[in-house]
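Engineer: for reference, the sequence and a predicted model appear below.
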Amino acid sequence: MAATVAWVLAARVIGHPDPFFAPSAALVVLGEARGQRVRQTVEMVLGVAAGVLVAELVVHALGPGYTTIFLVLLATIGLMVALGASSTLTVQAAISALYLVVVAAPKGDFMPFRFVDALIGGAVALAVSQLVSVRDPIAPLATEARQAYADLAGVVDDVAAALERCDETAARAALDRAREVDGCVERLRIAVRACGEALRLRVRGRRQLDRIDEVETTARQLDYAARNIRVLARAGATLTRRHTATPAELSAAIRALADAVRAAGEALATDLAGEAAAERHAGRADDAALEAVRIGARLLAAHPPLPLAMIVGQIRATAIDLLRGTLGDDAAVLDRVDEALGLPSADQPTPLPCPPADEPDRDGTCPQPAGQRSDSA
């Protein structure tokens, strides 16, 4: 539809002869991922302009022929590479120049038909791309956010189930799934870009761009959480491969973490939808994440093997990234998670251990060796 409308506008309404670049520009722009179509339109117009300019000059100087084709392509691609243009811009400039030499060699004065045709095609493609989000551009983003968090939570559940049964095959399957979670994070980022693009093209939607910036920050934290979950799954696979018996509390901690991931996704989705339940879901995410860390702290007290300790470490790291994405206060989140793990807060320095040969005094301080000055600590 976009290609046909672009051709009708260029050929019938404006009266351009042979408006090849109008429908081709529409197709190329719509073929680009959502959220990048404005940039693609700009690159399309610039590429057509550069290719047409180079081809016009060379053809007028040398006339059509294979030597002209070679020189036009060499000059166009060389110019684009020298300017640091993207691959899309470089290819479009080369195609424009080649078309002008082979199919529609100039026969008179330079006319900016092709440049305008590309502009028409890009504009029509942008207009058509907005039809799918004309009612509510934020709704697809909310749906994608909920799905991304659900996919991550599913991976965490798979790890917990594999550890409960000490099933190496299931643990490896969970690890394979964890290695693919980057896809859900990337889809969320694409949805963020698409929503931002739609809002920028709408006069009334620009007031919501601050919310989109916040979601972009949350997506970055989700990417960190996905990496931590991947390491957690790898440690779980190591435990099952060694047939190490895992305490029931470990599965409870991991399932609490999965609940936190789901609740964080619901908090983001409902916040985008403007629902009052967003704070309740954020509170659930906070409680579940801290509960997972507290259970992990009890496991560490029993001096577990290294793979189990690594899992507890990844539970802590994932909880931090989840809560930073939900609450946004880095320092407060870190202090609360470390407090749940039993670590001292930042404003409570950890006391230095006493030398092995000494015994601490009753007040908890280390005795001063004989002959050492009291101010030399």
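Structural biologist: It's in.
Engineer: following the helix or strand that contains H60, which helix or strand comes up?
Structural biologist: Using DSSP states H and E, H60 maps to helix 37-62. Using DSSP H and E, the helix or strand that follows helix 37-62 in sequence is helix 66-82.
Engineer: residues of whatever helix or strand comes next after that following helix that come out buried?
Structural biologist: Later in the chain than helix 66-82, the nearest helix or strand by DSSP H and E is helix 87-102. Within helix 87-102, the residues that count as buried by 16 or more other CB atoms under 10 Å are 88-101. For every residue, glycine as well, the C-beta is placed using N, CA and C.
Engineer: which parts of the helix or strand hosting V8 are buried?
Structural biologist: Using DSSP H and E, V8 falls within helix 2-8. Judged by neighbour count (16+ other CB under 10 Å), helix 2-8 contains these buried residues: 2-3, 5-8.
Engineer: how about stretch 168-181?
Structural biologist: Under the neighbour-count criterion of 16+ other CB under 10 Å, stretch 168-181 has 168, 170-172, 174-175, 177-178, 181 buried.
Engineer: how far away from the center of its chain is that stretch?
Structural biologist: Distance, stretch centre to chain centre, for stretch 168-181: 21 Å (CA atoms, centre = their mean, to the nearest Å).
Engineer: same check, this time on stretch 152-161
Structural biologist: Put simply, stretch 152-161 sits 21 Å off its chain's centre (CA atoms, centre = their mean).
Engineer: render the CA-only coordinates of that stretch in CSV, please.
Structural biologist: What follows is stretch 152-161, C-alpha atoms only, in CSV (Å, rounded to 0.1, in the frame of the first residue of the first chain):
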residue,chain,number,x,y,z
LEU,A,152,13.2,-14.4,32.1
ALA,A,153,11.1,-15.7,34.9
GLY,A,154,10.4,-18.9,33.0
VAL,A,155,14.2,-19.5,32.7
VAL,A,156,14.6,-19.0,36.5
ASP,A,157,11.7,-21.4,37.1
ASP,A,158,13.4,-24.0,34.9
VAL,A,159,16.6,-23.7,36.8
ALA,A,160,14.8,-24.2,40.1
ALA,A,161,13.0,-27.3,38.8
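Engineer: walk me through the domains of the protein.
Structural biologist: With automatic domain parsing as the criterion, the domains of the chain are listed as 2-129, 136-341.
Engineer: now do the buried residues in the host helix or strand of L239.
Structural biologist: Assigned by DSSP H and E, L239 falls within helix 209-241. Buried positions in helix 209-241, judged by neighbour count with 16+ other CB under 10 Å: 211-212, 215, 218-219, 221-240.
Engineer: and the next element down the chain from it?
Structural biologist: From helix 209-241, the next helix or strand downstream (DSSP H and E) is helix 248-272.
Engineer: point out where the stretch 1-150 of the chain drops to low pLDDT.
Structural biologist: 32-41, 44-45, 48-49, 104-112, 130, 132-135 (pLDDT under 70).
Engineer: same thing but at 90, please
Structural biologist: 2, 13-145 (pLDDT under 90).
Engineer: burial count for A301?
Structural biologist: By other CB atoms under 10 Å, the residues close to A301 number 9.
Engineer: er, A264 actually
Structural biologist: 31.
Engineer: quick check: buried residues in the helix or strand following the helix holding V8?
Structural biologist: Where DSSP H and E defines the elements, the next helix or strand beyond helix 2-8 is helix 21-31. By neighbour count with 16+ other CB under 10 Å, helix 21-31 contains the buried residues 21-26, 28-30.
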